[in-house]
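A.B. asks: Build me a model:
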Amino acid sequence: MFKIIHNLLFFAVLVLYPNTAVFAQENPHLLTSEQWNIPREAASVIAMPAIRSAMHEFQSNKNNKILVKYPGGDVGTLWAHELRSWLISLGLSEKFIELVPGSANPNQLEIVVLKSAF
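C.D. replies: Okay, the predicted model is just below:
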């Protein structure tokens, strides 16, 4: 009985909210402060392993999103917003990028590709 109700509720959500996507979270691509603290230009940002691998993974589905988990505080917030600005300037639409505090390490950003189930 519970399974039937659960399936009906899931179906109702899909019908009532057709633009709602279900995302699966994958392993993070880690961008350390040491890797980031170099002179930045388009070529050097694209060459950063965490960014390169995250973008490669992101491109597998047009409905994927990028989640950037950043360390709290002013430094972490500025770092995340600068990365976001770089991704936008390199052609990624801002609608695919979400910033959230909560990196596991204060010296790294976690770039997570949220894979759409649709």
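
A.B. asks: The closest residue to Leu30 other than its chain neighbours pairs with what?
C.D. replies: Nearest non-adjacent residue to Leu30, counting by C-beta to C-beta, 6 or more residues apart in numbering: Gln108, 5.1 Å away. C-beta coordinates here come from the backbone N, C-alpha and C atoms, glycine included. For Gln108, the beta-bridge partners under DSSP bridges are Thr32.

A.B. asks: doesn't Glu34 make contact with Gln108?
C.D. replies: No - here Gln108 does not reach Glu34: they are 9.1 Å apart, not a contact under C-beta atoms under 8 Å.

A.B. asks: For these two, work out which one has more neighbours and name it.
C.D. replies: With neighbours defined as other C-beta atoms under 10 Å, Gln108 and Glu34 compare such that Gln108 has more, 22 against 9.

A.B. asks: can you pull the contacts of that one?
C.D. replies: Shown in contact with Gln108 (C-beta atoms under 8 Å, 6 or more residues apart in numbering): 30-33, 71.

A.B. asks: just these now: which is nearest Lys115?
C.D. replies: Leu30 (18.1 Å; C-beta to C-beta).

A.B. asks: number of nearby residues for that closest one?
C.D. replies: Considering only other C-beta under 10 Å, Leu30 is surrounded by 18 other residues.

A.B. asks: ditto for the one 10 residues further on
C.D. replies: When neighbours are defined as other C-beta under 10 Å, Arg40 has 13 of them.

A.B. asks: Regarding the residue lying closest to it once chain neighbours are set aside, what are the backbone dihedral angles?
C.D. replies: Once flanking residues are discounted, Arg40 sits nearest to Trp86: 7.2 Å by C-beta to C-beta, 6+ apart. Dihedral angles phi and psi of Trp86 (degrees, to the nearest 10) take the values phi -60, psi -40.

A.B. asks: Tell me how far the residue nearest to Leu30 lies from Ser53.
C.D. replies: 14 Å (C-beta to C-beta, to the nearest Å).

A.B. asks: now Glu98
C.D. replies: Taken as C-beta to C-beta, the span from Glu98 to Ser53 is 18 Å.

A.B. asks: Could you pull up phi and psi at the nearest residue to Gly72 once chain neighbours are set aside?
C.D. replies: Nearest residue to Gly72, sequence neighbours excluded (C-beta to C-beta, 6+ apart): Pro101, at 4.9 Å. With angles defined as degrees, to the nearest 10, Pro101 sits at phi -70, psi 160.
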